[in-house]
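In: need a structure here:
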Amino acid sequence: MSNNYPKYSKYEKYEKGKKLTLYERIGVFFQNTKRIIKIANKPGRKDYFLVFKICAIGILVLGVLSYVIQLIWTLINFVLGIR
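Out: Residues are numbered from 1 along each chain as shown. Below you'll find the predicted structure:
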């Protein structure tokens, strides 16, 4: 692991092997959620466009692949005389 990551042990109030109560687990969950929201940032226009391009390429690849499979099955059925 790189030294750039924050030390998460400073966020831990509870011992590692100890079983937490429901109240303590809910508290830890909200602490972790608060920490994640604090370090998260909103994606910019460039990030949204990158996700759009990746999704569009994926949809195109799946469409072409399904078209080719359908074409192959149609040719096989035509050659075998099925239908």
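In: where does the residue nearest the centre of the chain land in three-state SS?
Out: Closest to where the C-alpha atoms of the chain average out (CA atoms, centre = their mean) is Val51, at 11.9 Å. Secondary structure, DSSP: H, G, I helix; E, B strand; the rest coil: Val51 is helix.
In: now the residue lying closest to it once chain neighbours are set aside: phi and psi?
Out: Spatial nearest neighbour of Val51, excluding adjacent residues (CB to CB, 6 or more residues apart in numbering): Pro43 at 8.0 Å. Any C-beta I mention is one placed from the backbone N, CA and C, and that applies to glycine too. Dihedral pair for Pro43: phi -70, psi 150, per degrees, to the nearest 10.
In: next one: Pro43 from Lys19, what distance?
Out: Distance of Pro43 to Lys19, given as CB to CB, to the nearest Å: 38 Å.
In: between these two, which one's more packed in?
Out: Between Pro43 and Lys19, counting by other CB atoms under 10 Å, Pro43 is the more crowded of the two (11 against 8).
In: now the helix or strand of the chain with the lowest mean pLDDT - C-alpha only, PDB.
Out: The helix or strand of the chain with the poorest confidence is helix 22-39; it has a mean of 89 (mean pLDDT, DSSP states H and E). The C-alpha trace of helix 22-39 is given here as PDB (Å, rounded to 0.1, in the frame of the first residue of the first chain):
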ATOM      1  CA  LEU A  22     -26.200  -2.400  17.000                       C
ATOM      2  CA  TYR A  23     -26.000   1.200  18.200                       C
ATOM      3  CA  GLU A  24     -22.200   1.200  17.800                       C
ATOM      4  CA  ARG A  25     -22.400  -0.300  14.400                       C
ATOM      5  CA  ILE A  26     -24.900   2.300  13.300                       C
ATOM      6  CA  GLY A  27     -22.600   5.100  14.700                       C
ATOM      7  CA  VAL A  28     -19.600   3.600  12.800                       C
ATOM      8  CA  PHE A  29     -21.600   3.400   9.600                       C
ATOM      9  CA  PHE A  30     -22.600   7.100   9.800                       C
ATOM     10  CA  GLN A  31     -19.000   8.100  10.700                       C
ATOM     11  CA  ASN A  32     -17.700   6.300   7.600                       C
ATOM     12  CA  THR A  33     -20.400   7.700   5.500                       C
ATOM     13  CA  LYS A  34     -19.600  11.200   6.700                       C
ATOM     14  CA  ARG A  35     -15.900  10.700   5.900                       C
ATOM     15  CA  ILE A  36     -16.600   9.400   2.400                       C
ATOM     16  CA  ILE A  37     -18.900  12.300   1.600                       C
ATOM     17  CA  LYS A  38     -16.300  14.700   2.800                       C
ATOM     18  CA  ILE A  39     -13.600  13.400   0.500                       C
END
